[in-house]
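Participant: what follows is a predicted protein model with its sequence.
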Amino acid sequence: MASETEHPVVVDLPLRGEWVEPLAQSERSRAMQRPVVGLLVMLLLPACTPQPSAAMGSIQVDAFAGPVCPVETEPPDPDCAAQPVEGALIVVQPADGRDIVVAQGETDAEGRVLIELPPGSYLVIGTAVEGLMGTPAPVTAGVEAGGRTLVGLEYDTGIR
């Protein structure tokens, strides 16, 4: 019958000209756990780090309002250039005609908003903005994985 207590077994094995004593069972278990835990940490740590999604792309919308001056001149007057539209709600729908909103964003002071989307074909719609006439024409835009599609929306100031 085996004893309840462990006794180290001494074996005379030469190791580089020295005699060593083998590890007890509990010491062997601890010694084996360290490399296993280290390996698990190395394998799982990358999964915890946020990774950019290569499957996503984006649409960059630039919204501008014009004309700004009642008379256009040749060459164009730089003071009469179209102005960025801040605070415009931009809505994105599938280009297949389904009337659902898949993404939306609001333009910043530069008239710009960046919207991340999965690859596909979309309809980009600028909603009404106070002080401007109507809404810009919707634009169909394709999104590719890892790419950025530029879309310009032109609002009308009503100045003639």
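Facilitator: On my side now, so go ahead. Computed from a prediction, not measured in an experiment: that's the story for all the values here.

Participant: not counting the helix or strand harbouring residue 92 itself, show me its contacts.
Facilitator: Assigned by DSSP states H and E, residue 92 belongs to strand 89-94. By CB atoms under 8 Å, 6 or more residues apart in numbering, the residues outside strand 89-94 that reach it are 59, 61, 63, 99-107, 113, 115, 117, 120-127, 153. (C-beta placed from N, C-alpha, C; glycine too.)

Participant: same check, this time on stretch 141-156
Facilitator: With CB under 8 Å, 6+ apart, stretch 141-156 has contacts from 54-66, 82, 85, 88, 90, 114, 117-124, 126, 129, 132-137, 139.

Participant: and the residues you listed, which are buried?
Facilitator: 57-59, 61-66, 82, 85, 88, 90, 117, 122-124, 126, 129, 132, 136, 139 (16 or more other CB atoms under 10 Å).

Participant: among these, name the ones in strands.
Facilitator: Residues of the buried ones among the contacts of stretch 141-156 located in strands (DSSP state E): 57-59, 61-66, 90, 117, 122-124, 126, 139.

Participant: now for the residues you listed: which two are most distant?
Facilitator: 57 and 66 (28.7 Å; CB to CB).

Participant: if we can go back for a sec, tell me which of the ones in strands among the buried ones among the contacts of stretch 141-156 is nearest to residue 157?
Facilitator: Among these, and counting by CB to CB, the member closest to residue 157 is residue 65, at 5.0 Å.

Participant: and that closest one, how far from residue 83?
Facilitator: 5 Å (CB to CB, to the nearest Å).

Participant: now swap in residue 141 and tell me
Facilitator: Remark: distance between residue 141 and residue 83 (CB to CB) = 23 Å.

Participant: tell me which of these two has more neighbours.
Facilitator: residue 141 (21 against 15; other CB atoms under 10 Å).

Participant: how about the helices of this structure, start to end?
Facilitator: Using DSSP state H, the helices of the chain run over 25-48.

Participant: next, the contact list for residue 125, please.
Facilitator: 90-93, 135, 138.

Participant: any idea how far residue 109 is from it?
Facilitator: As judged by CB to CB, residue 125 and residue 109 stand 21 Å apart.

Participant: just residue 117 next, same as before
Facilitator: Taken as CB to CB, the span from residue 117 to residue 109 is 23 Å.

Participant: cool, and residue 81?
Facilitator: Where residue 109 is concerned, residue 81 sits at a distance of 16 Å (CB to CB).
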